[in-house]
Structures are given as C-alpha cells and as structure tokens.
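Colleague: Predicted structure and sequence below. I'll ask about it afterward.
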Amino acid sequence: QKEVEQDPGPLSVPEGAIVSLNCTYSNSAFQYFMWYRQYSRKGPELLMYTYSSGNKEDGRFTAQVDKSSKYISLFIRDSQPSDSATYLCATSENYGQNFVFGPGTRLSVLP
Amino acid sequence: ETGVTQSPTHLIKTRGQQVTLRCSSQSGHNTVSWYQQALGQGPQFIFQYYREEENGRGNFPPRFSGLQFPNYSSELNVNALELDDSALYLCASLDRANYGYTFGSGTRLTVV
C-alpha cells in the first residue's frame, strides 16, 4: 500500500462547478497536510497547508483534514478554466521535513 | 514568479554518463530538498540539505548525491545514469513564513 493515495483522474467538470479532490494516507504520524497545484511543464505551487485536523479556507479553496479517517480533501468553488492543472496532496510528519506526495489528480475545467 | 531557479531546463544524456543539476534558492532559505517526478507520478523525495549538511534521504541509491553551498545554491549529481532516471527533477526551498516548500520549475532529464 502506498503511503498517500489519490485518484489520478482525469476529472472533467464544467466551468462554475464545485470540485472535490481527495487523498487518503496510511501513516498516522503525518501532521502537516498540503495541496499543491502543478501546471504542465511547471513545478508544484503551494495552494494550502493545514496542521492536524480541521478546515482551512482561502478564497475559492477549502482544505479539510480528517485524521481519524486519514482523509484529506480540497474543494474548489466556482471552478475556472484556469484551475485546469494537476493537484497534488502532500503530507509530512514534522515541520521542515520531506513531503510524501500523492500521484496527483488531473483536473480539466471546461468553458 | 518563483524564488527558486533551476538550470538547465532540459537535458539529454546517454546511459552511463554523469549529470549535475543546479538550483538557486532565495536568500535565507537554509533548507533545500530535491525531488524526482516521473511522468504521471507525484514527486519522490531524494534528499534534503540544511546549512550545507544532508539531513534526510529518500529511497535513492548512493549514485544520487548532492551539495549545498553558503550562497543558497545547491547541486544534484547523478552518476552512472540509467534509463529509469529520465524524469523531472525538482528543487524546493523551505519558505518558513508560509510553511511549505517553494518549488522551482524543474530540470527535465532524458536518458537515452
């Protein structure tokens, strides 16, 4: 079993839809949870990070972590074609330590 | 515009050769990590440097080695290249103000 699992997609939605992206992880020691967005031929760009369980909102993006079920979610409201990218979840045990990434979900938002 | 720059952007090498990839981080970012991203996969941790010392390593063989310099630049060296080493190599520096690592755009290495 991989440490972080993620549906690779591709996921296609119409513009304006609410998008739900999810990851599961196996290591209960993970405490830091991140979502990265990666456009084609670019490096990952940090979208959100959360420490431990709970929700965090930033504009159209909401990250949720449920440590009891080892489940991580990212919601995108009012999705835009510019949101079309690969979304990577990542976790780490301690601050400043290396991340374990999921394989990424490819999202296409259609105009 | 990311504060992490990598060079070169693309590289083609022959199996068995050696390669050096370079990264320049933002001033003050003492922690730098290198990741390997195969096509269609998430990045895999290679190693991490803090103040010029390696302080963490992933499941990569010793032919992957690195250096970090006082001027916040770093290198990834790969010896005896194999076809499976073909990937995007990402450098990331730790942005302590926002948590999370800032990634460069990567070097696309192709081994033929």
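Modeller: Arrived safely, thanks for sending. Residues are numbered from 1 along each chain as shown, chains lettered A, B, ... in the order given.
Colleague: switch to C-alpha atoms for all contacts and neighbour counts from now on
Modeller: Will do.
Colleague: what's the distance between the nearest residue to residue B:104 once chain neighbours are set aside and residue B:106?
Modeller: Spatial nearest neighbour of residue B:104, chain neighbours left out: residue B:4 (4.7 Å); criterion: CA to CA, 6 or more residues apart in numbering or on different chains. Residue B:4 sits 9 Å away from residue B:106, going by CA to CA, to the nearest Å.
Colleague: which of those two has more neighbours?
Modeller: The neighbour count for residue B:4 versus residue B:106, taken as other CA atoms under 10 Å in any protein chain shown, is higher for residue B:106 (30 against 24).
Colleague: pretty sure the more buried one is touching residue A:43, no?
Modeller: Yes. Residue B:106 is within contact range of residue A:43, at 6.0 Å (criterion: CA atoms under 8 Å).
Colleague: the bottom helix or strand of the chain by mean pLDDT?
Modeller: No chain specified, so I'll use chain A. In chain A, no helix or strand scores lower on mean pLDDT, DSSP states H and E than strand A:45-51, which sits at a mean of 90.
Colleague: ah, I was thinking of chain B
Modeller: strand B:101-103 (a mean of 87).
Colleague: For it, buried residues please.
Modeller: For strand B:101-103, burial by neighbour count (16 or more other CA atoms under 10 Å in any protein chain shown) applies to B:101, B:102, B:103.
Colleague: Enumerate the residues of chain B near chain A.
Modeller: With CA under 8 Å from any CA of the partner chain as the criterion, chain B comes near chain A at residues B:31, B:33, B:40-45, B:48, B:56, B:90, B:94, B:99-106.
Colleague: Which stretches in chain B count as strands?
Modeller: Along chain B, the stretches classed as strands by DSSP state E are B:5-7, B:10-13, B:19-24, B:31-37, B:44-50, B:53-57, B:64-68, B:73-78, B:87-94, B:101-103, B:107-111.
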